[in-house]
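Have a look; sequence and predicted model below, questions after that.
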Amino acid sequence: MKLSRFLFLLLFILSTSVAFAQSSSELKRKKEAIQREIDLLQRNLKKTANNKKLTLGQINALNTKIKLMQDKISVINSEMKNLDNQIHENTNTVINLKGQLGQLKKEYGAMIRFAQRNKNAYDKMMFIFAAKDFNQAYKRIKYLQQFGQYRKKQAGYIQGTQKDLNYKIVILDKNLKEKSNLLHEQENEKDKLGKNKSEQSAVLNKYSKQEKQFRQDIATRKKQQAQIDRNIRAAIVREIELERKRALEAARIAAEKAERAAKAKAAAATAAAAAKAKAENKPAPAAVAPVAVAKPKPSSSGYLAATPEAAKLSAAFESNRGALPWPVTSGSITESFGKHKEGQASYDNAGITIQTSEGAGVRAVFNGKVSKVGSALGRHYVLIKHGQFFTVYQNLRSVSVSAGDEVSTKQNIGTVATSGDMPELMFQIYRGAVAQNPASWIAK
């Protein structure tokens, strides 16, 4: 029973250690990813630090950086909570192991004293020969043998428990040091956050002085952006209309074929009936009317997925919702999908804005076909069709694909341009002509 309890305790220690390690490693990876985003935004902000004119990209980058720093502090708090749980578990384990070790040593000491009193071989022989019969003598021999083996096992249990105890004490010391380091890291992050909030206050103060010019700049930029978005939607609508015409033409051809087949079948039936009537010397029957064939009409939402290939591609794209790769290898979302307001200026974002590193490569997020490559305001955009879905990549400095090209997932299609002193990519997803929130489609 004692051995069973010991093994159960050991198994519990190992399982909790593994679970903690997995959770701890996930938090560390998350913290490192957040720090990479913070570093990228900091590099971009550093390059624009001396600019007298305030830009929307700078404000978005600063606000996003502060949010990420708060997220990092939350992750550190989660790490500390995990460590507190582990320290509590390890402390209880050390106490239990010490109690078990004390009990094992006490029992082992009693066995040693018994063995000392009966260490004389003569005493053992007398103990055996004092048996009533042969059967009892045999049992006494086996008892002496088992007693010796049990004593060795007990010594092994003591050594094993002592080893586990020493290991757990080392782990506990390591946990305490990690907690101390995390507390220090947390204090540093809070100091940095305080400085960044002061910087944010200075930027807002600067914004209040430039508010009129800033609103005008946003209005001009978003007016231009809205025109680009309208052009892209118009291209998508033209693509849908083209597919509609193709689908209707295919349906018309299929219906004509079916109608011809129905007429041929009716004619054959009429001829067979006439031949039978003639053979039976009966009047010729009336002609068999062909069966009416309904002309299929695809729904407007199904035009883009009317062919088996397009339907398969659409289904594959949709099945990857929440797991599509990012259109850049590193970056941070500084402007989310939907309506926004900066001071008195308001605007609508049909996608997300991702700040990335200067000259970063842009890649397709899924297999598809390039529908359009356009230019606006000295920059380029790429529209890629994925069945009934479209992805849009705006604000490109250069493009490496052309309309009609087939592209694969993560294939490079161009490089990011700098917009308002910040390297930014505007990324959009459409289902038909309806804009989707890309943040819910790309991997977290």
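Received the coordinates, thanks.

From here on, just use CA atoms for contacts and neighbour counts.
Will do.

Break down the protein into its helices, ranges please.
Here the chain has its helices, by DSSP state H, at 2-47, 56-117, 121-129, 134-279, 308-319.

Kindly tell me how buried residue 281 is, as a neighbour count.
The number of residues packed around residue 281, counting by other CA atoms under 10 Å, is 9.

That one and residue 401, how far apart?
75 Å (CA to CA, to the nearest Å).

do residue 329 as well
In terms of CA to CA, residue 329 sits 19 Å off from residue 401.

quick one: which of these two has more around it?
Per other CA under 10 Å, whichever of residue 329 and residue 401 has more neighbours is residue 401, with 17 against 13.

Skip the chain neighbours and tell me the closest residue to that one.
residue 413 (5.7 Å; CA to CA, 6 or more residues apart in numbering).

what does residue 429 give?
Closest to residue 429 by CA to CA, 6+ apart is residue 391, at 4.6 Å.

State the pLDDT value of the one you found.
Residue 391 carries a pLDDT value of 96.

Contact partners for it?
Listed by CA atoms under 8 Å, 6 or more residues apart in numbering, the contact set of residue 391 reads 383-385, 427-430.

Residue 69 now?
Counted by CA under 8 Å, 6+ apart, residue 69 has contacts 34, 38, 189, 193.

which residues sit in contact with the first one?
Neighbour list for residue 34: 68-69, 71-72 [criterion: CA under 8 Å, 6+ apart].

For the residues you listed, which single residue is the most surrounded?
Counting by other CA under 10 Å, top hit in those: residue 72 with 23 neighbours.

what about the strands in the stretch 251-400 of the chain?
332-335, 338-342, 345-349, 352-355, 361-363, 368-376, 379-386, 389-399 (DSSP state E, counting those that start in this stretch).

Quick check: can you list the domain ranges of this protein?
For the chain, the structural domains run 2-213, 242-306, 319-440, going by automatic domain parsing.

Just the endpoints, please. Distance across the last one?
Taking CA to CA, domain 319-440 runs 13 Å from one end to the other.

sorry, back to before: which single one of the contacts of residue 69 is nearest to residue 262?
Distance to residue 262 across the contacts of residue 69 (CA to CA) is lowest for residue 34, with 66.6 Å.

before we move on, the earlier item: can you redo the contacts of residue 34 as JSON lines with pLDDT and distance to residue 435?
Below are these laid out as JSON lines (pLDDT from 0 to 100; distance: CA to CA, whole Å):
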{"residue": "68", "pLDDT": "85", "distance to residue 435": "27"}
{"residue": "69", "pLDDT": "84", "distance to residue 435": "30"}
{"residue": "71", "pLDDT": "85", "distance to residue 435": "29"}
{"residue": "72", "pLDDT": "83", "distance to residue 435": "31"}
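
Setting aside sequence neighbours, what's the nearest residue to residue 373?
residue 382 (4.7 Å).

Also residue 37?
residue 332 (5.9 Å).

ok, now which ones touch the one you found?
Residue 332 neighbours (CA under 8 Å, 6+ apart): 37, 41, 64, 354-356.

Could you identify the buried members of those?
37, 41, 64, 354-356 (16 or more other CA atoms under 10 Å).

Point out the least confident one among these.
Comparing these by pLDDT, residue 41 comes last, at 80.

circling back: mind listing the residues bridging to the residue nearest to residue 429?
With DSSP bridges as the criterion, residue 391 is bridged to residue 384, residue 429.

Against residue 433, how distant is it?
Residue 391 is 11 Å from residue 433, by CA to CA.

Which of the contacts of residue 69 ranks first by neighbour count?
Going by other CA under 10 Å, residue 38 tops the contacts of residue 69 with 23 neighbours.

okay but that one is in contact with residue 65, surely?
Yes: if you go by CA atoms under 8 Å, residue 38 and residue 65 touch, sitting 5.6 Å apart.

still on that earlier bit, which two of the buried ones among the contacts of residue 332 have the greatest separation?
64 and 356, at 12.7 Å, using CA to CA across the buried ones among the contacts of residue 332.

Go through the contacts of residue 34 and say which is closest to residue 309.
Using CA to CA, these come closest to residue 309 at residue 68, 41.6 Å.

what residues are up against that closest one?
Taking CA under 8 Å, 6+ apart, one finds 34, 37-38 in contact with residue 68.

Output those residues in CSV, with distance to residue 48 appended to each entry.
Formatted as CSV, the contacts of residue 68 follow (distance: CA to CA, whole Å):
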residue, distance to residue 48
34, 22
37, 17
38, 16
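
of the contacts of residue 332, closest to residue 373?
Out of the contacts of residue 332, the member with the shortest distance to residue 373 (by CA to CA) is residue 354, at 20.1 Å.
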